[in-house]
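Participant: everything below, folded, please.
(chains A and B)
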Amino acid sequence: MSTDQFENLRLELRRGCLVIAVLVALRSERYGYTLRKALADQGMEIDEGTLYPLLRRLETQGLLASEWREEEKRKKRFYRLSPNGERTLEQLLVEWKSIDLSLQEIIKESNHGTTRTLSAGS
Amino acid sequence: MELLERYLRAVKPGLPKAQREDILAELSENITSQMEDKAAELGHPLTEAEQEEVLQQFGHPLVVAGRYQPGAGTLTFGRTLIGPELFPFYLRGVRWAVGLAVGIVSVINITMSLINPRRWENLIPALLFHSTLQFLIQTAVWTGIQAHYTKYPVSWNAKSLPKLPTKIERVPIAESIFQLVLYVLAVPWLQAAFGPRYATLGPTKVSGAWHDMYVPVMGVMIVSILQAIVNIFRPDWVRFRLISRISTSLVMLGVSAYLLSVGNLVTITNKFPMTVENRHVAETWVYYSFFITFVAISLISLGQMVFDIRKLVKGSGGVIGLIFPQGADIS
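Facilitator: Down below sits the predicted model:
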């Protein structure tokens, strides 16, 4: 597999996960830069050019609420999960866990199959 | 933070209009926080090179702006020709080019059909041809831009951002003097053409319609001369010039439309010896010369008016700023 192909698949895989990560992180209120830092600290690096427009999109979809507020003598736009966002996040997490479980089962089954084939061969 | 300001100015035009200022304020705050964090980490205020590095990492202004555009899509034909970052700009380019082509082709064909009703038949095929042509040109250009950007993703440099404007806009005095001289010289000629009903210019006699336009044309001359005189003494009254030019362009559009709607604008006088047939041919040629001239004047006036209105609205902080300007200074 070429590097480009892998990169495209990796980006596709990350896209949905990023939304869940952002929604979870915004259970407590944050502004753009601190949210990015918080996610990076947890190992979820997102570049600014992706995160900030994503926040706007999620807000337009009604999943986030935001307000401009002054902090340290500067106006910042704080985001937090909206009630609609909380409900959606719960559903997404259930879905995520189910996908995770299914994937683990598929991988386990596939590994057993490979082991059985190898044993039969030997 | 001059570099940050330059960066934000470069991002601004590509952002969706309704949220432009809000997004810029948020971007400014987030980048400032990032720079402050980096400065705290390094233990000194960021040098210009370090600021450049932060912005470089943030991304090309066009790409950053593109991500805020609603309805991001892609143009795919087997493989992706135009990606989601450039797609909104491609759509905008197509909309403008096709719109402009439809406008120009319609104006020309509708005007021509007033003289020759058979021209109506050409309208739909001409519209289809020019719209398709513009669509293909835009697609080719944006596919090329995308290909370049994919091949050289880091080929932008924060250093190359345009500098901030340092001087206040002024009307160049030389330009006002030139305008004054030109318009003063044009007055006697226009007086001869528009003043008397059925004026004679060389071997031609102008139609009475010209005289009907005497007052508006002279009004345009007087307003333009006064505006030039005022701007010689007050070059900072830029808005005054814009308002004056918008009104004169509007009048010139009306004058051109009126004269275009009249049949024969000139007739060849008997002083010029020629056969009836040749006279008819000559009059037709003269007519088309005037026709093309007035179409050109209409298009130039329209273009000038649109340009000036946009500049006036932009310079006033949008439509609201135009209606409720801050302070009473006319400049």
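Participant: can you tell me, leaving aside adjacent residues, what's nearest to A:Arg27?
Facilitator: In space, A:Arg27 comes closest to A:Leu81 once its chain neighbours are excluded; the distance is 5.5 Å by C-beta to C-beta, 6 or more residues apart in numbering or on different chains. For the C-beta atoms, the positions are set from N, CA and C on the backbone; glycine is no exception.
Participant: test my guess that the one you found contacts A:Leu63.
Facilitator: Yes: if you go by C-beta atoms under 8 Å, A:Leu81 and A:Leu63 touch, sitting 7.2 Å apart.
Participant: quick check: phi and psi at the residue nearest to B:Ile82 when sequence neighbours are not counted.
Facilitator: In space, and not counting its chain neighbours, B:Ile82 is closest to B:Leu75: 4.0 Å by C-beta to C-beta, 6+ apart. Recorded main-chain torsions at B:Leu75 are phi -110, psi 110, according to degrees, to the nearest 10.
Participant: can you pull the contacts of B:Tyr287?
Facilitator: B:264-266 (C-beta atoms under 8 Å, 6 or more residues apart in numbering or on different chains).
Participant: that one in helix, strand or coil?
Facilitator: Classification of B:Tyr287 by DSSP: H, G, I helix; E, B strand; the rest coil places it in helix.
Participant: same question for B:Tyr258.
Facilitator: B:Tyr258 falls in the helix class when you classify it by three-state DSSP.
Participant: and it, how far from B:Asn116?
Facilitator: The gap separating B:Tyr258 from B:Asn116 is 20 Å, by C-beta to C-beta, to the nearest Å.
Participant: quick one: is whichever helix or strand B:Gln57 is part of near chain A?
Facilitator: For B:Gln57, the element it lies in under DSSP states H and E is helix B:48-58. Yes: looking at helix B:48-58 against chain A by C-beta under 8 Å from any C-beta of the partner chain, the contacts come from B:57-58.
Participant: and the next element down the chain from that helix?
Facilitator: Read in the C-terminal direction, the helix or strand following helix B:48-58 is helix B:61-67, with elements assigned using DSSP H and E.
Participant: quick one: the strands in chain A?
Facilitator: Per DSSP state E, chain A carries strands over the ranges A:30-31, A:64-71, A:74-81.
Participant: picking that back up, which neighbours do A:Leu81 and A:Leu63 have in common?
Facilitator: Among the neighbours of A:Leu81, those also in contact with A:Leu63 (C-beta under 8 Å, 6+ apart) are A:23, A:89.
Participant: quick check, B:Ile232 in contact with B:Ala174.
Facilitator: No: here B:Ile232 lies out of contact with B:Ala174, judged by C-beta under 8 Å, at a distance of 9.8 Å.
Participant: which of these two has more residues huddled nearby?
Facilitator: For B:Ile232 against B:Ala174, the residue with the higher neighbour count under other C-beta atoms under 10 Å in any protein chain shown is B:Ile232, and the figures read 16 against 9.
Participant: distance check, the more buried one against chain A.
Facilitator: Between B:Ile232 and chain A the computed distance is 44 Å (C-beta to the nearest C-beta, to the nearest Å).
Participant: list the buried residues of the helix or strand containing that residue.
Facilitator: According to DSSP H and E, B:Ile232 maps onto helix B:214-233. For helix B:214-233, a neighbour-count test (16 or more other C-beta atoms under 10 Å in any protein chain shown) marks B:214, B:216-217, B:220-221, B:223-225, B:227-228, B:230-232 as buried.
Participant: out of these, which comes closest to B:Ser244?
Facilitator: Taking C-beta to C-beta as the measure, B:Gln227 is the one of the buried residues of helix B:214-233 closest to B:Ser244, at 4.1 Å.
Participant: state the distance from the closest one to A:Glu90.
Facilitator: The spacing between B:Gln227 and A:Glu90, counted by C-beta to C-beta, is 66 Å.
Participant: also B:Ser207?
Facilitator: The gap separating B:Ser207 from A:Glu90 is 79 Å, by C-beta to C-beta.
Participant: next one: B:Ile110
Facilitator: For B:Ile110, the distance to A:Glu90 - C-beta to C-beta - is 60 Å.
Participant: which residues belonging to the lengthiest helix in chain A are considered buried?
Facilitator: For chain A, the longest helix by residue count, based on DSSP state H, is helix A:83-121. Judged by neighbour count (16+ other C-beta under 10 Å), helix A:83-121 contains these buried residues: A:85, A:88-89, A:92.
Participant: run the chain-centre distance for it.
Facilitator: Here helix A:83-121 shows a centroid-to-chain-centroid distance of 17 Å under the convention C-alpha atoms, centre = their mean, to the nearest Å.
Participant: on contacts alone, who are the packing partners of it?
Facilitator: helix A:3-25 (3 or more C-beta pairs under 8 Å, 6 or more residues apart in numbering or on different chains; DSSP states H and E).
Participant: excluding chain neighbours, what is closest to A:Ala38?
Facilitator: On the basis of C-beta to C-beta, 6+ apart, the spatially nearest residue to A:Ala38 that is not a chain neighbour turns out to be A:Ala25, at 5.6 Å.
Participant: tell me if I am right that B:Val107 is in a helix.
Facilitator: Yes: counting by three-state DSSP, B:Val107 falls inside a helix.
Participant: what values do phi and psi take at B:Gly83?
Facilitator: Backbone dihedrals for B:Gly83, given as degrees, to the nearest 10, come out at phi -80, psi 180.
Participant: what about it, how many neighbours?
Facilitator: The burial count for B:Gly83: 18, using other C-beta under 10 Å.
Participant: name the SS class of B:Glu36, please.
Facilitator: When classified by three-state DSSP, B:Glu36 comes out as helix.
Participant: that one and A:Arg69: what is the separation?
Facilitator: According to C-beta to C-beta, B:Glu36 and A:Arg69 sit 18 Å apart.
Participant: quick one, which of those two is more surrounded?
Facilitator: In terms of neighbours (other C-beta under 10 Å), B:Glu36 is the more surrounded of B:Glu36 and A:Arg69; the figures are 15 against 12.
Participant: tabulate the strands of chain A (JSON lines), appending mean pLDDT.
Facilitator: Shown next, in JSON lines, are the strands of chain A (pLDDT from 0 to 100):
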{"stretch": "strand A:30-31", "mean pLDDT": "92"}
{"stretch": "strand A:64-71", "mean pLDDT": "92"}
{"stretch": "strand A:74-81", "mean pLDDT": "93"}
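Participant: please identify the deepest-packed of the ones you listed.
Facilitator: Of the strands of chain A, the one with the most neighbours on average (mean count of other C-beta atoms under 10 Å in any protein chain shown) is strand A:30-31, at a mean of 21.
Participant: contacts made by the strand or helix carrying B:Arg20 with the rest, please.
Facilitator: Using DSSP H and E, B:Arg20 falls within helix B:20-42. When contacts are defined by C-beta under 8 Å, 6+ apart, helix B:20-42 is touched by residues A:31-34, A:36-37, A:48, A:52, A:56, A:68, A:74-77, B:1, B:4, B:7-8, B:11-12, B:15-16, B:45-46, B:50-51, B:54-55, B:58, B:64, B:68.
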